[in-house]
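> can't give you the sequence, but here's the structure:
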């Protein structure tokens, strides 16, 4: 485990748990999960790359066995997660790694590459593109007016404690509801990501179908992890204070260009909606970017692991 700290402000002691596989390998992949997930969401990639690469797979601060500062609203921005990743790499004795991220993990990898360019040698991200800071800050409510499928973030922001209570009471249903394949059986009456007042409530009295992306043993591990941490600390990253802080820190950088090889896997059937119209800044600021489309929902590494792994393997072979 490593230690994280309060980015650019003051040191605090937290514990970041991580898995370290094949530590004698020459090249390292740093696999970074998103929400609501845990480190083992990379199981298919672990099986594919464990013999060829060193794999370092952290559990993000506030998730499962990784702790977080008491003041999560002031210490759960992208730079804080990035500092945690740097700590993990230093604790493992790794000078640089390819950062492979999904969802918030993607945003964290992009931000860490911009803030700590000597630590990240290449990027392979999916589901959340790179958003370099612009001249204006947009709140989740403002973003949701343009992208209604991101309305759940308004709920997680404005009703954080209510949301945490809802999710803490029903972690298995959240996992089953959001680990949904394209064409899932028994879909909810409306998109659970497009509601500003609830996530699980959109199913009303309708049962949530069992997910098919991870085994029941794996599902139990996820449930236990969220029971241990609770959801309050895991949704702190959505809070306006943390978002503004992330933008403020990023805005102080001399450049927002990321001059390393990068792969972005775009899930074209994502329940979050079509994000391709937002790719302009990412394409402009990452000159060595390759984009691959995958016909999956939000979880390409779980839904079509063979295709995902093939894209990642090809990208790594060309580094």
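All right, it came through fine. Predicted, not measured: the structure shown is a model, and the values here were computed from it.
> mind checking how far stretch 76-88 is from the chain centre?
13 Å (Cα atoms, centre = their mean, to the nearest Å).
> and if you look at stretch 33-50?
11 Å.
> what about that stretch, how long is it end to end?
Stretch 33-50 has an end-to-end distance of 17 Å (criterion: Cα to Cα, to the nearest Å).
> got a list of what residue 246 touches?
Counting by Cβ atoms under 8 Å, 6 or more residues apart in numbering, residue 246 makes contact with 77-79, 111. For the C-beta atoms, the positions are set from N, CA and C on the backbone; glycine is no exception.
> how near is the residue of the chain most remote from its centre to residue 197?
When distances to the mean C-alpha position of the chain are computed (Cα atoms, centre = their mean), the maximum falls on residue 205, with 30.1 Å. Per Cβ to Cβ, to the nearest Å, residue 205 is found 17 Å from residue 197.
> could you do residue 38 as well?
Here residue 38 is placed at a distance of 27 Å from residue 197 (Cβ to Cβ).
> more neighbours, these two?
Of the pair residue 38 and residue 197, residue 38 is the one with more neighbours under other Cβ atoms under 10 Å, namely 25 against 14.
> quick check: the more buried one vs residue 179, distance?
In this structure, residue 38 and residue 179 are 12 Å apart, going by Cβ to Cβ.
> name the next helix or strand downstream of the helix-or-strand element of the chain with minimal mean pLDDT, please.
None of the helices or strands of the chain scores lower by mean pLDDT, DSSP states H and E than strand 2-4, at a mean of 43. Using DSSP states H and E, the helix or strand that follows strand 2-4 towards the C-terminus is strand 14-16.
> what residues of the helix or strand that that next one is followed by count as buried?
As assigned by DSSP H and E, the chain's next helix or strand after strand 14-16 is strand 18-21. Within strand 18-21, the residues that count as buried by 16 or more other Cβ atoms under 10 Å are 18, 20-21.
> name every strand pairing with strand 18-21 and say which way it goes.
Applying DSSP bridges, strand 18-21 is found paired with strand 54-58 (antiparallel).
> what about residue 316, which helix or strand?
Assigned by DSSP H and E, residue 316 falls within helix 305-317.
> just the buried residues of that helix, please?
For helix 305-317, using 16+ other Cβ under 10 Å, the buried residues are 305, 307-309, 311-312, 315-316.
> for stretch 44-61, which positions count as buried?
Across stretch 44-61, burial judged by 16+ other Cβ under 10 Å covers 44-46, 48-49, 53-61.
> what is the end-to-end distance of that stretch?
With Cα to Cα as the measure, stretch 44-61 spans 23 Å from end to end.
> got the contact list for stretch 58-71?
By Cβ under 8 Å, 6+ apart, stretch 58-71 touches 2, 4, 6, 12, 14-19, 30, 32-33, 38-39, 72, 75-76, 80-81, 84-85, 88, 104-105, 108, 225-226, 228-229, 233-234, 236.
> surely residue 43 meets residue 218?
Yes - with contact defined as Cβ atoms under 8 Å, residue 43 reaches residue 218; the gap is 6.8 Å.
> joint contacts of those two?
What both residue 43 and residue 218 touch, as defined by Cβ under 8 Å, 6+ apart, is an empty set.
> show me where this structure has its strands.
2-4, 14-16, 18-21, 28-32, 54-58, 97-102, 120-126, 262-267, 289-294 (DSSP state E).
> out of those, the one nearest residue 244 is which?
Evaluated with Cβ to Cβ, those place strand 2-4 nearest to residue 244, the distance being 20.0 Å.
> any low-confidence regions in the protein?
Within the chain, the stretches with pLDDT under 70 are 1-12, 181-186.
> which residues of it fall in helices?
43-49, 78-92, 104-115, 140-146, 152-158, 160-169, 171-178, 216-229, 240-251, 280-285, 300-303, 305-317 (DSSP state H).
> out of those, which comes closest to residue 266?
helix 300-303 (8.6 Å).
> report how many residues lie close to residue 164.
18.
> from residue 264, how far out is it?
Residue 164 sits 31 Å away from residue 264, going by Cβ to Cβ.
> likewise residue 277?
Residue 277 is 14 Å from residue 264, by Cβ to Cβ.
> give me the more crowded residue out of the two.
Taking neighbours as other Cβ under 10 Å, residue 277 and residue 264 compare with residue 264 leading, 23 against 9.
> and the residue lying closest to the more buried one once chain neighbours are set aside, what does it touch?
Spatial nearest neighbour of residue 264, excluding adjacent residues (Cβ to Cβ, 6 or more residues apart in numbering): residue 291 at 4.9 Å. Residue 291 is in contact with 263-266, 279, 283, counting by Cβ under 8 Å, 6+ apart.
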